[in-house]
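[1] Sequence plus the predicted model coming up.
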Amino acid sequence: MIDWDQNNTADFVRRVAQNDAKHIFAFELGNELCNHVDPTVYANDILHLRDLVDQHWPGTAAKPLVNGPDCNPISGPWVDQFISNVSGGVLDVFTYHNYVGYGLDPLLAPKMMSSDWNFFNEGPKRAAAFIDGWKRLGAPGGMQLWAGEIAAAWHSGEPGVTNRFISSFWYADALGLLASLNHTGFCRQSLVGGNYGLLNRTTRQPNPDFYVAQLFHDLMGTGVLQISTGGALPKGLRSYAQCNDGTGTKGGDAGTGRATLLFINVSPSITFSLTMPLAMAWRGKEDATTSMADAVGALGRGSPGTKPAGLTLEVYELTAGDGSKEKWEGLDSSTIRLNGDLLDAAIAGPLPRPRKVALGKDRRFRVGPLSIVFVVLPEASIPACANAAL
């Protein structure tokens with residue numbers, strides 16, 4: 001059992017409120033302590049922190065969030081007892097840690113790129129107790145769910161793997177997968193530090209994952225869609241779909257029904273050919289597995305009296321930059337290409353414009369080998385994206 005000196009915390013929160021009250025986003029109590037603290041005791045300590053925040057930020061819209069417990073996987077009963085005692089407005093965000101691989105595993109790279117998707121699926125599997133407990137006990141009261149610390153491998157990652165393009169396949173998939181599981185926060189370990197930073201820890205230049213984060217932020221909105229290709233996706237390809245809020249693309253307008261597809265192809269040799277349009281439906285925030293039937297939008301159908309939608313796509317294709325062809329087909333690359341152009345952080349300005357792809361009569365869109373592709377559908381006219389409060 002760990003004793004917590006509440007006086008020190010009270011003094012800390014008071015001083016922060018006095019000196020920098022407008023710039024504090026959240027307070028979090030503890031880090032990976034669930035195996036050492038009884039869930040009821042931990043919940044009571046969270047309640048005390050909640051009281052401190054309410055005391056020093058009374059009635060303000062800029063009140064910091066109260067987050068926790070940010071633990072490694074633990075048993076379901078611990079999670080249930082903890083959440084039951086901090087629901088109803090005490091805890092704003094339920095957070096947990098999630099690492100799948102081990103930084104000293106010599107087989108980490110091939111495990112990450114296996115087309116059986118075991119590595120990609122392992123993260124949510126390990127976090128099942130957290131996700132299930134939050135869904136049943138936290139979500140009904142408005143509590144958010146975040147991955148409070150997450151990377152492809154613990155032990156500071158693995159040099160040459162978690163800071164190279166090969167990591168971007170796991171990262172892109174994890175962003176899409178956790179969004180589909182109702183996560184509203186993804187705290188990547190790390191911005192700078194270890195061998196898994198978004199920035200090179202020596203030069204501070206972007207690693208490939210940085211650009212995945214930027215494109216996901218700019219192109220994938222807060223509304224998550226259920227995508228259907230008319231059958232099972234072929235082995236080696238994953239797909240996700242979200243509303244495009246229009247905030248990250250030039251000329252985009254929020255609430256117009258735009259959407260973005262994300263395709264992840266881990267095959268080193270296969271180009272997947274998909275028929276557009278793809279049917280998509282709204283995933284309700286209360287249940288990621290339930291679609292609202294009245295929100296189904298078929299791309300290319302449009303509204304009555306309008307031209308067919310989705311004929312021209314805006315494509316952002318990420319591929320390896322400077323990697324060795326002999327080593328994982330270039331996946332050891334420390335740089336990344338967007339639509340064939342090498343991204344160079346030394347060149348000021350926004351990312352290159354998307355590649356416009358006009359679909360032919362067969363409506364076929366192709367996803368090349370070892371690529372991560374964001375596809376914006378500027379005329380999707382999906383009702384849920386146009387009308388839902390995202």
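    Received, thanks.
[2] What's the local residue count around F169?
    For F169, the neighbour count with other CB atoms under 10 Å is 25. C-beta here means a position set from N, CA and C on the backbone, and glycine is covered the same way.
[3] quick check: longest helix of this structure.
    The residue-count maximum for a helix in the chain (DSSP state H) belongs to helix 39-56.
[4] which secondary structure elements does that one contact?
    For helix 39-56, the contact count by 3 or more CB pairs under 8 Å, 6 or more residues apart in numbering; DSSP states H and E identifies helix 6-20, strand 65-71, helix 76-86 as packing neighbours.
[5] Run through who's touching that helix.
    Residues outside helix 39-56 that contact it (CB atoms under 8 Å, 6 or more residues apart in numbering) are 1, 4, 6, 9-10, 13-14, 17, 21, 27, 29-30, 33-34, 37, 63-64, 66, 68-69, 78-79, 81-82, 84-86, 90-91.
[6] Extract the C-alpha trace of that helix and format it as PDB.
    Below are the C-alpha coordinates for helix 39-56, written out as PDB (Å, rounded to 0.1, in the frame of the first residue of the first chain):
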ATOM      1  CA  PRO A  39      -9.200   0.500  -6.000                       C
ATOM      2  CA  THR A  40     -11.400   2.100  -3.300                       C
ATOM      3  CA  VAL A  41      -8.500   3.900  -1.700                       C
ATOM      4  CA  TYR A  42      -7.300   5.100  -5.200                       C
ATOM      5  CA  ALA A  43     -10.900   6.300  -6.000                       C
ATOM      6  CA  ASN A  44     -11.100   8.300  -2.700                       C
ATOM      7  CA  ASP A  45      -7.800   9.900  -3.600                       C
ATOM      8  CA  ILE A  46      -9.100  10.900  -7.000                       C
ATOM      9  CA  LEU A  47     -12.200  12.400  -5.300                       C
ATOM     10  CA  HIS A  48      -9.800  14.500  -3.200                       C
ATOM     11  CA  LEU A  49      -8.100  15.700  -6.300                       C
ATOM     12  CA  ARG A  50     -11.500  16.500  -7.900                       C
ATOM     13  CA  ASP A  51     -12.300  18.600  -4.800                       C
ATOM     14  CA  LEU A  52      -9.000  20.500  -5.200                       C
ATOM     15  CA  VAL A  53      -9.600  21.300  -8.800                       C
ATOM     16  CA  ASP A  54     -13.200  22.400  -8.200                       C
ATOM     17  CA  GLN A  55     -12.000  24.600  -5.300                       C
ATOM     18  CA  HIS A  56      -9.400  26.500  -7.300                       C
END
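[7] Buried among the contacts of helix 39-56? Need that as a selection in PyMOL.
    In PyMOL, this line selects whichever of the contacts of helix 39-56 come out buried by 16 or more other CB atoms under 10 Å:
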select buried, resi 4+9+10+13+17+27+29+30+33+34+37+63+64+66+68+69+78+79+81+82+84+85+86+90+91
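[8] would you list every one of the helices in the chain?
    Going by DSSP H, the chain shows helices at 6-20, 39-56, 76-86, 108-112, 118-126, 128-133, 165-180, 208-219, 383-387.
[9] could you dump these to CSV with mean pLDDT?
    Output for those, formatted as CSV (pLDDT from 0 to 100):
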stretch, mean pLDDT
helix 6-20, 93
helix 39-56, 96
helix 76-86, 98
helix 108-112, 96
helix 118-126, 97
helix 128-133, 98
helix 165-180, 97
helix 208-219, 95
helix 383-387, 78
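[10] which of the ones you listed sits most buried?
    Highest mean neighbour count among the helices of the chain (mean count of other CB atoms under 10 Å): helix 165-180, with a mean of 24.
[11] H36: neighbour count?
    So H36, with other CB under 10 Å, has 11 neighbours.
[12] thought F120 was touching A172?
    No. Using CB atoms under 8 Å, F120 is not in contact with A172, being 9.8 Å away.
[13] starting at the chain centroid, how far to the longest helix of the chain?
    How far helix 39-56 lies from its chain's middle: 28 Å, per CA atoms, centre = their mean, to the nearest Å.
[14] Next, the angle strand 65-71 makes with that helix.
    Interaxial angle, helix 39-56 versus strand 65-71 (axes from the mean of the first three to the mean of the last three CA atoms, to 10 degrees): 160 degrees.
[15] distance between the ends of stretch 191-208?
    12 Å (CA to CA, to the nearest Å).
[16] Buried ones in that stretch, by neighbour count?
    G194, N195, Y196, G197, L198, L199, R201, P206, N207, P208.
[17] Among those, which one lies nearest to Y96?
    Nearest to Y96 among the buried residues of stretch 191-208, counting by CB to CB, is Y196 at 17.6 Å.
[18] What does that closest one show for phi and psi?
    Y196 adopts backbone torsions of phi -130, psi 20, taken as degrees, to the nearest 10.
[19] residue contacts, C187?
    Listed by CB under 8 Å, 6+ apart, the contact set of C187 reads T95, W146, A147, G148, E149, I150.
[20] Could you rerun that using 6 Å?
    G148, E149 (CB atoms under 6 Å, 6 or more residues apart in numbering).
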